[in-house]
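Asker: generate coordinates for the sequence data below:
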Amino acid sequence: MLKPLFQYIDQNQNHFVQRLGDWVAIQSDSGDPAMWGQIDRLLNMTAERIREMGGSVEMADVGTHQLPSGQTVPLPPIVLAAFVRDPEKATLCIYGHVDVQPARREDGWNTDPFTLTEISGNLYGRGTTDNKGPVLAWLHAIETYKATKQEVPVNVKLIIEGMEEVGSHGLLELTRRMNDSFFSDVDFIVISDNVWTSNTPALTYGTRGSSYFLVEVDGPKQDLHSGVFGGSIHEPMSDLISLLGSLIDHTGKILVPGVTDAVAPLMDVERKLYENINFSLEELKNTAGVQHFLQNTKEEVLMARWRYPSLSIHGIQGAFSEPGIKTVIPRRVTGKFSIRHVPDMVPSDVERKVKEHLEQVFASRKSPNILRVIATVGAKPWVADLKDPQYVAGQKAIRDVFGVEPELVREGSTIPIAQNFQEETGKSVMMLPIGAHDDGEHSQNEKISRFNYIEGTKLFVAYIHELSQLKGQS
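Answerer: You can find the predicted model right below:
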C-alpha cells in the first residue's frame with residue numbers, strides 16, 4: 001500500500017520544494033504587528049490549498065490584541081479544516097503554525113532568509129524547519145493519498161495558526177470554545193513543531209514548562225555620577241546583582257527554597273530510555289562551543305536538559321551596555337530570568353516561591369530602593385504516555401520509512417500547545433518531528449534538508465496508514 005504513495009512523493013519532490021520556496025518568501029513574522037498582513041496572506045493560501053484538496057475550511061476569528069502602544073488590533077484568524085468524515089474511521093487532528101521568528105541578512109545569514117536556497121542538499125530559509133516545512137509535508141501527505149486514488153484511511157482535521165512564535169494568542173480560548181464541536185470526534189492530535197535529538201528519527205513525549213521573571217530595582221530619581229555618589233548610596237545595580245546571584249550556584253543547582261521539591265522522581269523505565277539515545281557529547285560541545293558541561297555523562301546531560309528544571313539569567317535592562325566607558329550609577333535596573341519547570345512542578349507555586357525568596361533576600365540587604373518582581377508566561381510542562389496507541393503507530397511508521405527504531409526523547413524547550421491540547425480536550429497528543437538536530441530553528445541559517453523534508457512527507461503518509469489500524473484503541 002505504501003510503495004505507490006512513496007513513489008508519488010519522490011516524483012513530485014521538486015514541486016514540493018518549490019511550494020516551500022513560495023511559503024518561505026512570505027515574511028510572516030508574528031513578532032512585528034506590521035507583518036500580520038503577511039500572516040493573513042499565508043493563512044489564506046493554506047486554506048485555499050486545503051479547499052483544492054476537497055477539505056472544508058473555517059477561518060476562526062480569535063478576537064483582538066492590545067499592543068504595547070495601547071492600540072488594539074485584530075489577530076490573524078486560525079484555520080480550522082476538515083475532510084469528509086467517515087464514522088468508522090479514527091480521526092486525526094494535525095496542528096501546525098506558519099508564522100516565523102524575525103530574520104535579517106545582516107544578522108549573520110549566509111543567504112537571504114526569505115529566499116529558499118538549496119546548498120548541498122539543505123534547504124535554507126526562515127521557517128523551513130519551524131514550521132512551514134512540516135506543515136507543508138502534512139498537506140503533501142494528504143495530497144499524496146488523493147493523487148494516487150487511495151482513500152485517506154483516517155479522518156483528518158487541521159488547526160493551523162499564525163501566532164505561535166509570540167504565544168498563540170487566542171488559541172487556548174478557541175480550543176475551549178470548540179471542545180464540544182471541532183474536537184468532539186477527534187481521537188488523536190499530532191504536532192510536528194520540533195526536531196530530532198541526533199541523526200536518528202525520534203518521537204517526542206515530553207516538554208518542559210516555563211515561567212519568565214522580571215526583577216526591577218528602582219532607586220534614585222535619576223542616573224547619578226559614581227564619582228560624586230559612589231559609596232554613599234544603595235545602588236540598584238548592586239541590589240540586583242545580589243538578587244540574581246541568590247538564584248543559582250556554580251553547579252547549576254537552583255537555590256530558591258522548595259522550588260524543586262515537586263519534581264517527579266526518576267523511575268528505572270525512564271532511566272533506560274536515555275541509554276538508547278544516539279547522542280554525542282563531543283558533537284554537542286562543538287555545536288555549543290563549550291569545553292565541558294555541568295554533568296559528566298550523556299544520560300546526565302540529557303536529563304538535565306529534558307527532565308529536570310533549570311534556571312537561566314537572560315539579561316539586565318537599564319544598565320550601560322554600549323562600547324566605551326560610562327561611570328554612571330543607573331537609577332533603575334531590571335533583571336530577566338526564567339525557570340524551565342517539569343512534572344510535577346506547578347507554575348503558580350514556582351512563581352510564589354521565587355517572589356518570596358527574592359523579597360527575603362532583598363529585605364536582608366536593608367536597601368531603601370523599591371523591588372518589583374513580575375512573573376510572566378507560566379506555561380505548564382507536558383508529558384505523554386509512551387504506551388499510548390499513537391506512539392505505537394509512530395514507531396511503526398518510522399520503521400516503515402527509515403528502517404530503524406526511533407529514539408524516544410523529551411524536549412528541553414517549552415511548547416505550551418501540547419499541554420494545552422491534552423489538558424483541555426482530553427485527547428491523545430504526540431509530537432512527531434521531521435527536522436534534524438542541526439536545523440537551527442530560531443537561529444541564523446535555518447534549514448531543513450531535502451532528505452528530511454521528503455522522507456518526512458513519507459513518514460506522515462506511513463503514520464496515517466499505521467494510525468488507521470488503531471481504531472477503538474484511543
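
Asker: from now on I want contacts and neighbour counts done on CA atoms only, so please keep to that.
Answerer: Will do.

Asker: was I right about residue 124 contacting residue 450?
Answerer: No. Taking Cα atoms under 8 Å as the definition, residue 124 is not a contact partner of residue 450, at 10.0 Å.

Asker: so for the two, which residue has more residues nearby?
Answerer: Between residue 124 and residue 450, residue 124 has the larger neighbour count (other Cα atoms under 10 Å), namely 30 against 20.

Asker: how about the contacts made by that one?
Answerer: 111, 113, 115-118, 445-448 (Cα atoms under 8 Å, 6 or more residues apart in numbering).

Asker: which residue packs closest to it, ignoring adjacent ones?
Answerer: Excluding the flanking residues, the one nearest residue 124 by Cα to Cα, 6 or more residues apart in numbering is residue 447, at 4.2 Å.

Asker: next, count neighbours for the one you found.
Answerer: 28.

Asker: from memory it sits against residue 125, does it?
Answerer: Yes. Between residue 447 and residue 125 a contact is recorded at 5.9 Å, counting by Cα under 8 Å.

Asker: where along the stretch 301-450 of the chain do the strands fall?
Answerer: Under the criterion DSSP state E, counting those that start in this stretch, the stretch 301-450 of the chain carries strands at the ranges 310-317, 328-329, 332-341, 370-379, 382-383, 407-411, 428-431, 447-449.

Asker: residue 342 versus the spatially most central residue of the chain, what's the distance?
Answerer: What sits nearest the mean C-alpha location of the chain, by Cα atoms, centre = their mean, is residue 415, with 4.1 Å. Using Cα to Cα, to the nearest Å, we find residue 415 at a distance of 12 Å from residue 342.

Asker: any weak-confidence spans in the stretch 351-474 of the chain?
Answerer: Applying pLDDT under 70 to the stretch 351-474 of the chain flags residues 471-474.

Asker: repeat the analysis, applying 90 as the threshold.
Answerer: 376-379, 413-416, 469-474 (pLDDT under 90).

Asker: could you pull out the helices for it?
Answerer: With DSSP state H, counting those that start in this stretch as the criterion, the stretch 351-474 of the chain has helices at 389-402, 416-425, 450-468.

Asker: from the contacts of residue 124, which is closest to residue 337?
Answerer: residue 446 (25.8 Å; Cα to Cα).

Asker: what's opposite residue 383 in the beta bridge?
Answerer: Judged by DSSP bridges, the bridge partners of residue 383 are residue 206.

Asker: what's near enough to touch it?
Answerer: With contact set as Cα under 8 Å, 6+ apart, residue 383 has these partners: 205-207, 343, 419.

Asker: closest to residue 156 among the residues you listed?
Answerer: residue 419 (20.9 Å).

Asker: now the residue lying closest to residue 301 once chain neighbours are set aside: how far from residue 409?
Answerer: Excluding the flanking residues, the one nearest residue 301 by Cα to Cα, 6+ apart is residue 295, at 5.6 Å. According to Cα to Cα, residue 295 stands 18 Å off from residue 409.

Asker: what's the neighbour count on the residue lying closest to residue 466 once chain neighbours are set aside?
Answerer: Leaving aside its chain neighbours, residue 466 sits nearest to residue 393 (5.1 Å; criterion: Cα to Cα, 6+ apart). Around residue 393 there are 20 other residues, counting by other Cα under 10 Å.

Asker: now do the one 10 residues further on
Answerer: In terms of burial, residue 403 registers 10 neighbours under the definition other Cα under 10 Å.

Asker: tell me who's in contact with it.
Answerer: Residue 403 touches nothing, counting by Cα under 8 Å, 6+ apart.

Asker: what of residue 205?
Answerer: Neighbour list for residue 205: 382-386, 408-411, 430-431 [criterion: Cα under 8 Å, 6+ apart].

Asker: residues near residue 451, how many?
Answerer: Residues near residue 451, counting by other Cα under 10 Å, number 15.

Asker: again but with residue 377, I slipped
Answerer: 14.

Asker: surely it is in contact with residue 209?
Answerer: No. Using Cα under 8 Å, residue 377 makes no contact with residue 209, being 9.3 Å away.

Asker: and this structure, split by domain according to the record?
Answerer: Here the domain parsing of the chain from automatic domain parsing is 2-207+381-468, 209-263+308-379.

Asker: what is the end-to-end distance of the first one?
Answerer: Read that as domain 2-207+381-468. End-to-end distance for domain 2-207+381-468, by Cα to Cα: 13 Å.

Asker: isn't residue 172 right next to residue 420, touching?
Answerer: Yes. Contact status for residue 172 versus residue 420: in contact at 6.9 Å, counting by Cα under 8 Å.

Asker: for residue 37, give me its contacts.
Answerer: Applying Cα under 8 Å, 6+ apart, the residues near residue 37 are residue 76.

Asker: and it, how far from residue 26?
Answerer: Distance from residue 37 to residue 26, by Cα to Cα: 10 Å.

Asker: how much space separates the spatially closest residue to the residue nearest to the centre of the chain that is not a sequence neighbour from residue 106?
Answerer: Once flanking residues are discounted, residue 415 sits nearest to residue 207: 6.6 Å by Cα to Cα, 6+ apart. Distance of residue 207 to residue 106, given as Cα to Cα: 32 Å.

Asker: neighbour count for the two, which is higher?
Answerer: residue 207 (29 against 10).

Asker: contacting residues for residue 36?
Answerer: 28-30, 75-76.

Asker: rewinding a little: check which helix or strand the residue nearest to residue 301 maps to.
Answerer: Using DSSP states H and E, residue 295 maps to neither a helix nor a strand.

Asker: again, but for the one 5 residues further on
Answerer: Per DSSP H and E, residue 300 falls inside helix 298-306.
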